[in-house]
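Trainee: One predicted model, sequence on top.
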Amino acid sequence: MQAIDVAIIMAYFAMLIVVGFVVAKKFVKTGEDASMAGHKLGVFLGGIGKTANSAGGSSSVGGTSWGYQLGIAGAWYAFAEGMTYVIYLPIIKRIWTALYRTRTGSAGQFFGYRWGPGARLYAGLINAVCYMAFVGAQIIATATVIQVLLGWTYMTSLLVSTGIIIVYCTAGGLRAIVLTDVIQVALIIIGLMFIMPPIVFKKAGDALGGGGFGAVWETLKGDGMTTFMTNLGAPGVFGWPYIIGAIILPCILIGGVAQAAFQYQSSIESADKAFKSFLMVPFLYIPVSILVVMMGMCALILYGVQLMPEAYGGPPGGDPNMVLPTLIQDLLPTGLVGLLLAAILSATMSTSSTCLICSTTCLTEDVIKPLLKKKLDDKGSLKLFRICMVCIGIATISVTLWATDIITLLTTAYSAAAAGLFVPFMCTLFMRRATKPGIYATMLIGLAIYGAVSFGWMPFLPDVILSAPLYLSLPVSVVCMTIFWFATKDSGKHGRLDGYFPDEWEKSPGNWEKHPELLDGPGPARLPSEVSA
């Protein structure tokens, strides 16, 4: 590592901290400013923020790792993550309007407005815990890059990266994250789409005696070098049941129940801008993520199995998370090494910071504040938010020591959140006759079954379900909701409806008393045309 490359990385770290404090001084006065960017993000910043949140360590370090170990099948995570934004696009205006009408900005508030404090606490806790896993996954990637960059121990790299993330997130909140995301996404796209793939593909082709990526592809899809087939559904890779149940379903379902989805929608000015920002993400995210997986495949030619874990035939201590930083160091010239490593750090730190904000929002808004006897003023709310952020950041270190497979850690957390919240989410937003007992029972039973299968407490089940517990938890959740619907549909316990259904919006202005100052702003005046669109 040359001095200029190290200088580029250090300058990047300094920029993050400076931006955090500048934004804090100018914009962050309340907890809401920190968590929701004052509800004033537009199309560009909203789309960039979502892209950076998705294109983190899972898509860079994790994607290369999976491409190295699993061939082109490693692209399923990237594809599913990108398609989430397409699938939810038809209902995104309705989700935004529901959040706007109820004046909610967290997953717990979204459920709690209709179903009461118990649902708010439950959804908030699930998201707070799951987002700790999300933060952990990104910090693993960040620490891995720093370890390669500076030769520090993994623990030292872990502590330094966590500390930097905590400092600039605590200071500037979501607005600071989104502003730095503009630079981060630019670095990611330039580095991982236009600069690095041609170099890696050429080096791998040269290692095979010429032929470019065509030779690489022919080699990897045969049996001569590896048993990890490029056939997307081949049993030697994953098999379709696992691909669908443990990768595609969790990635797609989490788009409706994860705190980031609620947080970014609440931060955008209007339903129309929320729609357009969602539309941006797949075009920015999917191409980069698939190229990263293909670079991981090339690494198998360049390095053999020396970075593979022992379970995949590698040497003791083999770490596939090292593939991308190793490619960068070995193949790129001085200057570009620093730029590309800065791009990777951009990706991992951007996502980890967003996830840290989300976890903190759920903890403060859905767990702690409802339990306080006294309502906090703006300064008190901001202080609580920052204290919780520091505590969560420190606690996340234990997650990174428990699990090191980035994408597996993410998909497990995705699945747990979907098991407990997806069916209740759809019923809350679309099912007028859903009942409170049914929602509560579905929340608890869905998560309980997922946990029981995941922890091996139901070994008698078929292997398909054992590999992807959502195959059982989701149908049981639907059955549970149906049973309670028939049993209690005449009870009148349908919760508060005015925030979720278009015909109710015409009858009630929504929960305006929480934020009366917004009545004078441009949002409500635009709302009817946006909803009809």
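Mentor: Okay, I see it.
Trainee: Tell me if G318 really is in a strand.
Mentor: No - going by DSSP: H, G, I helix; E, B strand; the rest coil, the assignment for G318 is coil, not a strand.
Trainee: Sticking with the residue lying closest to G191 once chain neighbours are set aside, tell me its helix or strand.
Mentor: With C-beta to C-beta, 6 or more residues apart in numbering as the criterion, G191 has its nearest non-adjacent residue at 3.7 Å, and that residue is A343. Glycine gets a C-beta too; all of them are placed from N, C-alpha and C. Using DSSP states H and E, A343 falls within helix 336-362.
Trainee: after that helix comes which helix or strand?
Mentor: Next helix or strand after helix 336-362 toward the C-terminus (DSSP H and E): helix 378-402.
Trainee: Quick check: buried residues in that next one?
Mentor: Buried residues in helix 378-402, counted by 16 or more other C-beta atoms under 10 Å: 381-382, 384-386, 388-389, 392-393, 396-397, 399-400.
Trainee: give me the number of residues near the residue lying closest to S161 once chain neighbours are set aside?
Mentor: Nearest in space to S161, with sequence neighbours left out and distances taken as C-beta to C-beta, 6+ apart, is T142 at 4.1 Å. Number of residues near T142 (other C-beta atoms under 10 Å) recorded here: 27.
Trainee: And for the nearest residue to L279 once chain neighbours are set aside, the neighbour number?
Mentor: Spatial nearest neighbour of L279, chain neighbours left out: L89 (6.5 Å); criterion: C-beta to C-beta, 6+ apart. By other C-beta under 10 Å, 14 other residues sit near L89.
Trainee: Tell me how far L89 lies from T104.
Mentor: Per C-beta to C-beta, to the nearest Å, L89 is found 21 Å from T104.
Trainee: Next up, the contacts around P90.
Mentor: By C-beta atoms under 8 Å, 6 or more residues apart in numbering, no residues touch P90.
Trainee: That one in helix, strand or coil?
Mentor: What three-state DSSP gives for P90 is helix.
Trainee: before we move on, the earlier item: looking at the buried residues of helix 378-402, which is nearest D5?
Mentor: Checking those against D5 by C-beta to C-beta gives T400 as the nearest, at 25.1 Å.
Trainee: Share the number of residues neighbouring the residue nearest to that closest one when sequence neighbours are not counted, please.
Mentor: Residue nearest to T400 in three dimensions, not counting chain neighbours: G136, with 4.6 Å by C-beta to C-beta, 6+ apart. The local packing of G136 (other C-beta under 10 Å) involves 28 other residues.
Trainee: angle of the host helix or strand of G136 against helix 336-362?
Mentor: Assessed by DSSP H and E, G136 sits inside helix 117-150. Taking axes from the mean of the first three to the mean of the last three C-alpha atoms, to 10 degrees, one finds that helix 117-150 is oriented at 160 degrees with respect to helix 336-362.
Trainee: Could you give the average pLDDT over helix 117-150?
Mentor: For helix 117-150, mean pLDDT rounds to 82.
Trainee: now the angle from that helix to helix 378-402?
Mentor: Helix 117-150 runs at 60 degrees relative to helix 378-402, counting by the same axes, to 10 degrees.
Trainee: Relative to the whole chain's centre, how far out is helix 117-150?
Mentor: Here helix 117-150 shows a centroid-to-chain-centroid distance of 9 Å under the convention C-alpha atoms, centre = their mean, to the nearest Å.
Trainee: any idea how far A143 is from the residue lying farthest from the centre of the chain?
Mentor: Distance from the C-alpha centroid of the chain, by C-alpha atoms, centre = their mean, peaks at G209 (40.2 Å). Distance of G209 to A143, given as C-beta to C-beta: 37 Å.
Trainee: One more: G62?
Mentor: From G62 across to A143, the span is 13 Å (C-beta to C-beta).
Trainee: ok, these two, which is more surrounded?
Mentor: G62 (32 against 27).
Trainee: so how far is T435 from Y450?
Mentor: Between Y450 and T435 the computed distance is 22 Å (C-beta to C-beta).
Trainee: sorry, back to before: possible to save the buried residues of helix 378-402 as a markdown table with pLDDT and distance to V479?
Mentor: Putting these into a markdown table (pLDDT from 0 to 100; distance: C-beta to C-beta, whole Å) gives the following:
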| residue | pLDDT | distance to V479 |
| --- | --- | --- |
| S381 | 76 | 41 |
| L382 | 75 | 44 |
| L384 | 84 | 40 |
| F385 | 79 | 39 |
| R386 | 80 | 43 |
| C388 | 84 | 37 |
| M389 | 82 | 39 |
| I392 | 83 | 35 |
| G393 | 79 | 40 |
| T396 | 77 | 36 |
| I397 | 74 | 40 |
| V399 | 68 | 33 |
| T400 | 70 | 37 |
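Trainee: Name the nearest of those relative to L327.
Mentor: Among those, T400 lies closest to L327 (C-beta to C-beta), at 22.7 Å.
Trainee: From what I see, the closest one and T142 are in contact.
Mentor: No - T400 is not in contact with T142 according to C-beta atoms under 8 Å; the separation is 9.8 Å.
Trainee: Excluding chain neighbours, what is closest to A468?
Mentor: Closest to A468 by C-beta to C-beta, 6+ apart is G245, at 2.6 Å.
Trainee: For this structure, name the helix or strand with the lowest mean pLDDT.
Mentor: Every helix and strand in the chain was compared by mean pLDDT, DSSP states H and E; the lowest is helix 522-532, with a mean of 35.
Trainee: how about G82, what does it touch?
Mentor: Applying C-beta under 8 Å, 6+ apart, we find G82 in contact with 54, 281-282, 285-286, 289.
Trainee: buried ones in the strand or helix carrying it?
Mentor: In this assignment (DSSP H and E), G82 forms part of helix 75-87. By neighbour count on 16+ other C-beta under 10 Å, the buried set for helix 75-87 is 75-85.
Trainee: Quick one: these as JSON lines, columns for distance to L331 and pLDDT too.
Mentor: Listed next are the buried residues of helix 75-87 as JSON lines, based on distance: C-beta to C-beta, whole Å; pLDDT from 0 to 100:
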{"residue": "A75", "distance to L331": "21", "pLDDT": "77"}
{"residue": "W76", "distance to L331": "26", "pLDDT": "79"}
{"residue": "Y77", "distance to L331": "24", "pLDDT": "77"}
{"residue": "A78", "distance to L331": "22", "pLDDT": "77"}
{"residue": "F79", "distance to L331": "26", "pLDDT": "80"}
{"residue": "A80", "distance to L331": "29", "pLDDT": "83"}
{"residue": "E81", "distance to L331": "26", "pLDDT": "80"}
{"residue": "G82", "distance to L331": "26", "pLDDT": "80"}
{"residue": "M83", "distance to L331": "31", "pLDDT": "83"}
{"residue": "T84", "distance to L331": "32", "pLDDT": "85"}
{"residue": "Y85", "distance to L331": "32", "pLDDT": "83"}
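Trainee: Just put those residues in CSV and tack on distance to E269.
Mentor: Converted to CSV, those look like this (distance: C-beta to C-beta, whole Å):
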residue, distance to E269
A75, 34
W76, 34
Y77, 31
A78, 29
F79, 30
A80, 29
E81, 25
G82, 24
M83, 26
T84, 22
Y85, 19
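Trainee: So for the host helix or strand of V292, what gets flagged as buried?
Mentor: Taking DSSP H and E as the criterion, V292 maps to helix 271-303. By 16+ other C-beta under 10 Å, the buried positions in helix 271-303 come out as 271-278, 280-282, 284-286, 288-303.
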